[in-house]
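Engineer: Coordinates for the following, if possible.
(one chain, ligands or ions: 2)
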Amino acid sequence: MANDLLDYHDGLNTLLATHTPLLRHEAVALADLNQRILAQDVAVVHNVPEFDNSAMDGYAINGNDCHEWRIVHRIAAGDDGAPLLLAPGEAARIFTGAPIPVGCSAVVMQEHVTRTQADADQAPPRITLLAGQSIQDGQHIRRRAEELQTGDVLLHAGKRLTPATIGLLAGQGYTHAPVHAQVRVSVFSSGNELVPPGQPLGPGQIYDSNRIMLIAWLRSLGFAVVDGGNLPDQLEATRAALAQAAQECDAIVCSGGVSVGEEDHLKNALTEVGELIQWRLFIKPGKPFTWGRIDHNDHTCRVFMLPGNPVSSLVTFQQLALPALLRLTGLSEQQARPLQWTAYADFSRDKPEPRREFVRVNLRHEAGQWLVRPVVQQGSNMLSGAVHANALAEVTPGTPIQPGDALTVYPLFNAI
Ligand SMILES: Nc1nc2c(c(=O)[nH]1)N[C@H]1C(S)=C(S)[C@@H](COP(=O)(O)OP(=O)(O)OC[C@H]3O[C@@H](n4cnc5c(N)ncnc54)[C@H](O)[C@@H]3O)O[C@H]1N2
Ligand code: MOO
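Structural biologist: Ligands and ions are numbered 1, 2, ... in the order given. Reported below is the predicted structural model:
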């Protein structure tokens, strides 16, 4: 029955191609820019360095072949060094970041010279080079504009901003940067059995783990998250909640209620208020994963319905919903793809699984190779298994595994 289900890679490629960056932009202050995506190119407006300056604490000298130099100036970082001149045989005491005086041929580290104090007749102190040291022309001078030149592009549109890029923008004097607006995501769980942590459990009830897991995950990636609460197993209430959220948000992420049971109302509700684009993929876990859209006037809200088993939610979120959501934030298809590399099986499995499987594994580096071994708890209801794992290993449908077989692995939370 299952072979008509969509393959994972076709599903991922379709999601990446059909979700495009939101057009809303905003100027955001530097301290709040981490993880945001640049919406326009940003130019270099100051040469870096702005002026020739010293890379070391030491002495700026004129005349690399001299045997000693008279110290005639002292230049610290923050001083205006431009008017200062060095004649042949002269030196300036200089510090890292201080401007280079006119006539300087090189900077010598203070560890490489000896300094003689001024004598009684007020002659300036002198430095001589220690035996065994030599001087290269221009050494330890950071030249004006050697790193960045005015008019060049500092950062290109589409760049995901990191702490280092924020520092780079500050180094140019910027206080704000133009970024794509935050993607607003409503997160729901669904099921009469679910109780929020902190409340007592009644018979047949369990705590809701998926909603807070997804909220924390989305927040950590810079999304503006609305907690939509838990939807009862009831079509009318579900339909109303989806329609309301679609007016206010760019995307809805919900979990549970997308399988075939009579209490699984999510797909019907989506069909009534919007469009169900895809139901079910040929994957384990996460087969009932669903996506669609709800259009409201000129606004589109993307909808991702994750299967309720917590590991099914986690796997389909990381491998399918998140890449699509990251496209909305402004990332390219390539940037939004789940991070992946190749590792080698440190286990065997004779019985092939018909669906493409994402096995929860421990990825480790040993003797120059990345190796993977499955964690014990592989049930899609066993969140502890996903916690003990640090990656997902992809197993091709119908394929037994021998030790040493190459597998594609995806680090969990893109962080190893
Ligand atoms: N007859 C069939 N039954 C099922 C099939 C099938 O093909 N035929 N598919 C199974 C698969 S695979 C999955 S995965 C689940 C997914 O079902 P739903 O998405 O409808 O999820 P629920 O039935 O609502 O819940 C499944 C399971 O997960 C627990 N759950 C749900 N939400 C949460 C939450 N927020 N936090 C913690 N746990 C949650 C729920 O209590 C159930 O135990 O369907 C299979 N059935
Ligand atoms: O797809 Mo279900 O996620 O196999 O447990």
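
Engineer: Name all residues that make contact with the closest residue to ligand 2 within the stretch 101-250 of the chain.
Structural biologist: Nearest residue of the stretch 101-250 of the chain to ligand 2, counting by Cβ to the nearest ligand atom: Asn210, 12.2 Å away. Quick note: C-beta positions are derived from backbone N, CA and C, even for glycine. Shown in contact with Asn210 (Cβ atoms under 8 Å, 6 or more residues apart in numbering): Ser189, Ser255, Gly256, Leu306, Gly308, Pro310, Ser313.

Engineer: for Pro288, same thing?
Structural biologist: Here Pro288 is in contact with Val258, Ser259, Val260, Trp279, Arg280, Met305, Pro307, Ser312 (Cβ under 8 Å, 6+ apart).

Engineer: By neighbours, which of the residues you listed wins?
Structural biologist: Met305 (31 neighbours; other Cβ atoms under 10 Å).

Engineer: Mind checking what secondary structure that residue has?
Structural biologist: Counting by DSSP: H, G, I helix; E, B strand; the rest coil, the backbone at Met305 sits in strand.

Engineer: Just to check, it is in contact with Cys254?
Structural biologist: Yes. Under the contact definition of Cβ atoms under 8 Å, Met305 touches Cys254, with a separation of 5.5 Å.

Engineer: joint contacts of these two?
Structural biologist: With Cβ under 8 Å, 6+ apart as the test, Met305 and Cys254 both reach Leu266.

Engineer: returning to what we had before: from the contacts of Asn210, which land in helices?
Structural biologist: Pro310, Ser313 (DSSP state H).

Engineer: where in the stretch 1-150 of the chain is pLDDT low?
Structural biologist: 1-3, 118-121 (pLDDT under 70).

Engineer: those helices in it, which residues are they?
Structural biologist: 8-18 (DSSP state H, counting those that start in this stretch).

Engineer: got a list of what the nearest residue to the residue of the stretch 101-250 of the chain closest to ligand 2 once chain neighbours are set aside touches?
Structural biologist: Spatially, and ignoring its direct neighbours in sequence, Asn210 is nearest to Ser255 (4.2 Å; Cβ to Cβ, 6 or more residues apart in numbering). Counting by Cβ under 8 Å, 6+ apart, Ser255 touches Phe188, Ser189, Ser190, Asn210, Arg211, Leu214, Met305, Leu306, Pro307, Gly308, Ser313.

Engineer: How many residues are close by the last one?
Structural biologist: Looking back up the chat, that one is Ser313. Around Ser313 there are 30 residues (other Cβ under 10 Å).

Engineer: before we move on, what about the third one?
Structural biologist: Taking other Cβ under 10 Å as the criterion, the count of residues near Ser190 is 30.

Engineer: Correct me if wrong: it contacts Gln234.
Structural biologist: No. Assessed by Cβ under 8 Å, Ser190 is found out of contact with Gln234, at 9.8 Å.

Engineer: which residues do these two both contact?
Structural biologist: Common neighbours of Ser190 and Gln234 (Cβ under 8 Å, 6+ apart) are His265.

Engineer: Check the secondary structure at the closest residue to Asn414 other than its chain neighbours for me.
Structural biologist: For Asn414, ignoring the flanking residues on the chain, the nearest one in space by Cβ to Cβ, 6+ apart is Leu339 at 4.8 Å. Look at Leu339: counting by three-state DSSP, its state is coil.

Engineer: which residues touch Leu339?
Structural biologist: Tyr410, Pro411, Asn414.

Engineer: State the helix or strand in which the first one lies.
Structural biologist: Yep, that's Tyr410 we're talking about. Assigned by DSSP states H and E, Tyr410 belongs to strand 406-411.

Engineer: tell me the phi and psi of Ala82?
Structural biologist: Main-chain dihedrals, Ala82, degrees, to the nearest 10: phi -50, psi -40.

Engineer: closest to ligand 2 among the contacts of Pro288?
Structural biologist: When the contacts of Pro288 are compared against ligand 2 (criterion: Cβ to the nearest ligand atom), the nearest one is Ser312, at 3.0 Å.

Engineer: Would you check that the closest one makes contact with Gly286?
Structural biologist: Yes. Using Cβ under 8 Å, Ser312 makes contact with Gly286 at a distance of 4.4 Å.

Engineer: Overlap in contacts, these two.
Structural biologist: What both Ser312 and Gly286 touch, as defined by Cβ under 8 Å, 6+ apart, is the set Leu306, Ser380.

Engineer: Show me which of the contacts of Pro288 is closest to Ser54.
Structural biologist: Here the nearest of the contacts of Pro288 to Ser54, counting by Cβ to Cβ, is Ser312; it sits at 59.6 Å.

Engineer: Can you verify Thr316 is assigned to a helix?
Structural biologist: Yes. Counting by three-state DSSP, Thr316 is located in a helix.

Engineer: what's the spacing between it and Ile252?
Structural biologist: 14 Å (Cβ to Cβ, to the nearest Å).

Engineer: And for Leu281?
Structural biologist: 19 Å.

Engineer: for Phe413, same thing?
Structural biologist: With Cβ to Cβ as the criterion, Phe413 and Ile252 are 22 Å apart.

Engineer: Compare those two and say which is more crowded by neighbours.
Structural biologist: In this view Phe413 and Ile252 are compared by other Cβ under 10 Å, and Ile252 has more residues nearby, 26 against 14.

Engineer: Based on its surroundings, how many neighbours for Trp341?
Structural biologist: Neighbours around Trp341, by other Cβ under 10 Å: 12.

Engineer: quick one: it from Arg356, how far?
Structural biologist: From Trp341 to Arg356 the distance is 18 Å (Cβ to Cβ).

Engineer: Check the burial of the residue nearest to Gly11 when sequence neighbours are not counted by counting its neighbours.
Structural biologist: Sequence neighbours aside, Leu281 is the residue nearest to Gly11 in space, at 5.1 Å (criterion: Cβ to Cβ, 6+ apart). Using other Cβ under 10 Å, Leu281 has 26 neighbouring residues.
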